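Undergrad: show me how the following folds:
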Amino acid sequence: MKPRTFRIQSVEGARIAFKSCWEAFCSSPFGTGGEIVLQPMKSKRSLAQNRRWHAMLNQIAEDVWLDGRQYSKDAWTEYLKIEFIGFIDLPGGGKVGISTTTLSVEEFGDLMTKTEVWAAELGYPLDH
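TA: Numbering: from 1, shown residues only. As a prediction, the model looks like this:
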């Protein structure tokens, strides 16, 4: 059985999640049992953070020169994710940055702060 994630924000949401878990448990041959993990829900980044992040990326793509050239917003997005969040190895030795959608509000704020410091150290202070 594939693990499922439920975002519980109400008593009704909890009832639905636990009912679904119970039904899955009863209809599967678990043998040794199952496991339910309850943890605090991470707040996803805000719309204001998202707008600011894209404004920062646009400014970086327009202003920053590295090794004698400019790069696209998408290229800078991947570079900054790999640099400050981490990456996933791809077949053939490539890598892709971990998605920013996995970050909480606080973690996303840290990413933007690290990006601002990085840009300033290169001599490109950001307006956003």
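
Undergrad: do you have the helices of the protein handy? List them.
TA: Assigned by DSSP state H, the helices in the chain fall at 11-27, 47-63, 73-84, 105-121.

Undergrad: domain ranges for the protein?
TA: 1-41, 47-121 (automatic domain parsing).

Undergrad: okay, those domains in TSV with distance to D127, mean pLDDT and mean neighbour count next?
TA: C-beta here means a position set from N, CA and C on the backbone, and glycine is covered the same way. Converted to TSV, those look like this (distance: least, Cβ to Cβ, whole Å; pLDDT from 0 to 100; neighbours: other Cβ atoms under 10 Å):
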stretch	distance to D127	mean pLDDT	mean neighbour count
domain 1-41	33	73	10
domain 47-121	6	94	14
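
Undergrad: nearest to G94, out of the helices of the chain?
TA: Closest to G94 of the helices of the chain is helix 73-84 (Cβ to Cβ; 10.6 Å).

Undergrad: may I have that closest one exported as PDB, CA atoms only?
TA: Coordinates of each C-alpha in helix 73-84 appear next as PDB, following Å, rounded to 0.1, in the frame of the first residue of the first chain:
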ATOM      1  CA  LYS A  73      15.300  33.000 -14.700                       C
ATOM      2  CA  ASP A  74      14.800  29.200 -14.900                       C
ATOM      3  CA  ALA A  75      18.600  28.600 -14.900                       C
ATOM      4  CA  TRP A  76      19.000  30.800 -11.800                       C
ATOM      5  CA  THR A  77      16.100  29.100 -10.100                       C
ATOM      6  CA  GLU A  78      17.700  25.700 -10.500                       C
ATOM      7  CA  TYR A  79      21.100  27.000  -9.500                       C
ATOM      8  CA  LEU A  80      19.800  28.700  -6.300                       C
ATOM      9  CA  LYS A  81      17.700  25.600  -5.300                       C
ATOM     10  CA  ILE A  82      20.800  23.400  -5.700                       C
ATOM     11  CA  GLU A  83      23.000  25.900  -3.900                       C
ATOM     12  CA  PHE A  84      20.700  26.600  -0.900                       C
END
